[in-house]
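Student: missing the sequence, but the structure's below:
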């Protein structure tokens, strides 16, 4: 998959599957990463970059599709909302659903990150948790 096609597919998946706040954060991050790697010519680095973003895309699509299936009622919701909340509180139901569906994955503790990468992760964490 070419870089531009991958970038566009990621952005489309953000629009389709991510909530607005996460979508904005994700779009900014993806744009920044692809822009930074635009001039990279080393084949090994390009291969790793593309593989990591393809894995990210698969994760977003898989998680988003599971949520769509649950919402459509074609897959049994493991936590039926009628047991958790009464029908008078749709916001609480959405919050409970959001807690069950998560995006991303935990990084292994053995992962060796550069100082710049750690700084970027901390910045993203701060942006994602600040309201």
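Tutor: Good, I have the coordinates. Here the structure is a predicted model, which is why all the values come from computation and not from measurement.
Student: low-confidence ranges in the protein?
Tutor: 1, 68-105, 131 (pLDDT under 70).
Student: show me what stretch 27-40 is in contact with.
Tutor: When contacts are defined by Cβ atoms under 8 Å, 6 or more residues apart in numbering, stretch 27-40 is touched by residues 3, 7, 10-11, 14, 45-46, 49, 53, 124. (Each C-beta comes from the backbone N, C-alpha and C, glycine too.)
Student: by neighbour count, which of the residues you listed wins?
Tutor: residue 10 (22 neighbours; other Cβ atoms under 10 Å).
Student: that residue: which element?
Tutor: Following DSSP states H and E, the helix or strand that holds residue 10 is helix 3-17.
Student: most widely separated two among the contacts of stretch 27-40?
Tutor: Pairwise distances across the contacts of stretch 27-40 peak at 24.1 Å for 14 and 45 (criterion: Cβ to Cβ).
Student: and residue 58, what does it touch?
Tutor: Contacts of residue 58 by Cβ under 8 Å, 6+ apart: none found.
Student: what's the helix or strand for it?
Tutor: Per DSSP H and E, the secondary structure element for residue 58 is helix 43-72.
Student: report the buried residues of that helix.
Tutor: 49, 53, 56-57, 60-61, 63-64, 70 (16 or more other Cβ atoms under 10 Å).
Student: repeat for stretch 121-131
Tutor: In stretch 121-131, counting by 16+ other Cβ under 10 Å, buried: nothing.
Student: again with stretch 17-36
Tutor: For stretch 17-36, by 16+ other Cβ under 10 Å, it's 17-18, 23, 26, 29-30, 33-34.
Student: any idea which of those residues is closest to residue 111?
Tutor: Nearest to residue 111 among the buried residues of stretch 17-36, with distances taken as Cβ to Cβ, is residue 33, at 16.9 Å.
Student: how close does that closest one sit to residue 66?
Tutor: Residue 33 is 25 Å from residue 66, where distance means Cβ to Cβ, to the nearest Å.
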